[in-house]
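Undergrad: Following is a predicted model, sequence given first.
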2 protein chains.
Amino acid sequence: MKSAISEATTQRLSLLLRGLKALEAEGLTTASSALLAERFSLNSAQIRKDLAHFGEFGVRGVGYRVADLRSKLQALMGLSTPRTVVIVGAGNLGLALADSRNFNNESFKVAALFDVDGRKIGSRSKTGVPIRAVSELPQALSAMGATIGALAVPPDAVREMALTLAAGGVKGLLNFAAAPLAPIPGVVVKNVDMALFLEGLTFQLASASS
Amino acid sequence: MKSAISEATTQRLSLLLRGLKALEAEGLTTASSALLAERFSLNSAQIRKDLAHFGEFGVRGVGYRVADLRSKLQALMGLSTPRTVVIVGAGNLGLALADSRNFNNESFKVAALFDVDGRKIGSRSKTGVPIRAVSELPQALSAMGATIGALAVPPDAVREMALTLAAGGVKGLLNFAAAPLAPIPGVVVKNVDMALFLEGLTFQLASASS
């Protein structure tokens, strides 16, 4: 297992991938790092450095071949084939995630929401994602081939639900609950803490005014 | 205006601040960077480097004075006094944010949600945050002293709502909508794209299995 890739690198590569898709849609076949930088507010030296870290992508004097780089980057990021996602917790946050086109799209398909509330089970989110019973999780996970789980449950349910997902074959967990999830062997865990966005923003405001 | 602080630094300082609060609550008066690193899964050299960047916080042979460092870090991050936040959009995401203790707490107080849906206006979120009419925003913003706005609206409403918030004195915007918000002069804008979390997780999974 390689060492974890930094959050910053991941974000830059995600933004670069979006940029490449946009250029490809415009019909561009090659692009220099300077063009990529200018179009997508990235740093050209940083782009070259990031890409060099993962192999030789550029062609001297030509720049990057857009479709080729897009496809390699997609493969590198594990995004060549769509991933099946399940969301545990069909409260406001779980429903918001299921219905967001940022979260449920061609790369990530939200197959189902799971909840313990009998009034919700059997219904669907606005965009049609079915809400199923948490008790069905073990059987449903393998049937769906879900590899990613998102937790949008109350803090005291986080650990149990995470272990249920892991036992069902989920390899990556995004935890949106207001309680951090400790590591689980064999699973990549990412805690998403909404407070960090607010704190980051406040820090920038404080720095800007000092 | 200083140059923007990196996302990574901000996140590390946020986690360090949480750690210091926890140690203070346990009654600890001093702590070495090694202890801080061990307790909060941070890197001790990185802690020293981050803190050195912002001034001299440590005492040789003693380590850091916990309460002192906590208070200085809080001030540095603009978190000494609570900030008033408004959320535009009382759909699932807006409601989830208003009711999250990660988002609405002692440092950040969500004063109100704003929406255009007459069926929602006048009601409250589960935890009691009032839902008001978007048309009241200009008057309400100055009355509330809101400095931070969160956007949880449909993509085509992002820009207009952002400009309304900026005109009302909001200095920082967190955009959760599925459409990025271009810069607005005098306002710190942070786009939160849920897809980046999924992509980051997938990237780590792809790297772990290669």
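TA: Ah, there it is. Note that this is a predicted model, so its numbers are computed, not measured. Residues are numbered from 1 along each chain as shown, chains lettered A, B, ... in the order given.

Undergrad: got the contact list for the lowest-mean-pLDDT helix or strand in chain A?
TA: Every helix and strand in chain A was compared by mean pLDDT, DSSP states H and E; the lowest is strand A:58-59, with a mean of 74. By CB atoms under 8 Å, 6 or more residues apart in numbering or on different chains, the list of residues contacting strand A:58-59 from outside reads A:30, A:33, A:48, A:51, A:64-65. Glycine gets a C-beta too; all of them are placed from N, C-alpha and C.

Undergrad: and which of those residues is nearest to chain B?
TA: Of all those, the one with the least separation from chain B (CB to the nearest CB) is A:L51, at 14.0 Å.

Undergrad: Run through chain A and note the low-pLDDT ranges.
TA: Confidence mapping of chain A against pLDDT under 70 gives the ranges A:1-5, A:54, A:209-210.

Undergrad: Just the buried ones from the contacts of strand A:58-59?
TA: Among these, those classed as buried by 16 or more other CB atoms under 10 Å in any protein chain shown are A:30, A:33, A:48, A:51, A:64-65.

Undergrad: What's the biggest helix in chain A, counting residues?
TA: helix A:7-25 (DSSP state H).

Undergrad: Give the buried residues for it.
TA: Neighbour-count burial for helix A:7-25 flags A:9-20, A:23-24 (criterion: 16+ other CB under 10 Å).

Undergrad: Next, the residue lying closest to A:L151 once chain neighbours are set aside: phi, psi?
TA: Nearest-residue entry for A:L151: A:N175, 4.6 Å, with adjacent residues in sequence omitted and distances by CB to CB, 6 or more residues apart in numbering or on different chains. The main-chain torsion angles of A:N175 are listed as degrees, to the nearest 10 and equal phi -100, psi 110.

Undergrad: do whichever strand or helix holds A:Q139 and chain B meet at all?
TA: Per DSSP states H and E, A:Q139 falls inside helix A:137-144. No. If you take CB under 8 Å from any CB of the partner chain as the test, helix A:137-144 misses chain B, and the best it gets is 15.8 Å.

Undergrad: domains for chain A, by residue range?
TA: A:7-76, A:83-195 (automatic domain parsing).

Undergrad: Might one say that A:P155 is in contact with A:A178?
TA: Yes. In this structure, A:P155 is within contact of A:A178 by CB atoms under 8 Å, at 5.3 Å.

Undergrad: which ones are touching the spatially closest residue to A:Q11 that is not a sequence neighbour?
TA: Leaving out its chain neighbours, the residue that sits closest to A:Q11 by CB to CB, 6+ apart is B:L196, at 5.8 Å. B:L196 is in contact with A:10-11, A:14, counting by CB under 8 Å, 6+ apart.

Undergrad: picking up where we left off before, got a list of contacts for the longest helix of chain A?
TA: A:31, A:36, A:39-40, A:42, A:46-47, A:50, A:53, A:66-67, A:69-70, A:73-74, A:76-77, A:79, B:6-8, B:11, B:195-196, B:199-200, B:203-204.

Undergrad: Which ones among those map onto strands?
TA: In strands, judged by DSSP state E, the following of the contacts of helix A:7-25 are found: A:A31.

Undergrad: Out of the contacts of helix A:7-25, which end up buried?
TA: A residue is treated as buried here by neighbour count (16+ other CB under 10 Å); on that basis the buried members of the contacts of helix A:7-25 are A:31, A:36, A:40, A:42, A:47, A:50, A:66, A:69-70, A:73-74, A:76-77, A:79, B:7, B:11, B:195-196, B:199-200, B:203-204.

Undergrad: Spatially central residue for chain A, please.
TA: Taking CA atoms, centre = their mean, the centroid of chain A lies closest to A:F103, which sits 7.4 Å from it.

Undergrad: quick revisit: tell me the helices and strands packed up against the helix holding A:Q139.
TA: With contacts defined as 3 or more CB pairs under 8 Å, 6 or more residues apart in numbering or on different chains; DSSP states H and E, the packing partners of helix A:137-144 are strand A:83-88, strand A:108-115, helix A:158-167.

Undergrad: Give me whichever of those is most buried.
TA: Across those, the average number of neighbours (mean count of other CB atoms under 10 Å in any protein chain shown) peaks for strand A:83-88, which reaches a mean of 24.

Undergrad: quick one: contacts of it?
TA: Residues from elsewhere that reach strand A:83-88 (CB under 8 Å, 6+ apart): A:94, A:97-98, A:103-104, A:107-115, A:129, A:134, A:137, A:140-141, A:144-153, A:161, A:165, A:170, B:198, B:202.

Undergrad: Repeat that for stretch A:171-184.
TA: Counting by CB under 8 Å, 6+ apart, the neighbours of stretch A:171-184 from elsewhere in the structure are A:89, A:93, A:97, A:147-159, A:162-163, A:165-166, A:186-194, B:100-102, B:197-198, B:201-202, B:204-205.

Undergrad: Now list the buried members of these.
TA: Buried subset of those (neighbour count, 16+ other CB under 10 Å): A:89, A:93, A:97, A:147-153, A:157-159, A:162, A:165-166, A:187-194, B:100, B:102, B:197-198, B:201-202, B:204-205.

Undergrad: Now find how far off-centre stretch A:190-202 is within its chain.
TA: 16 Å (CA atoms, centre = their mean, to the nearest Å).
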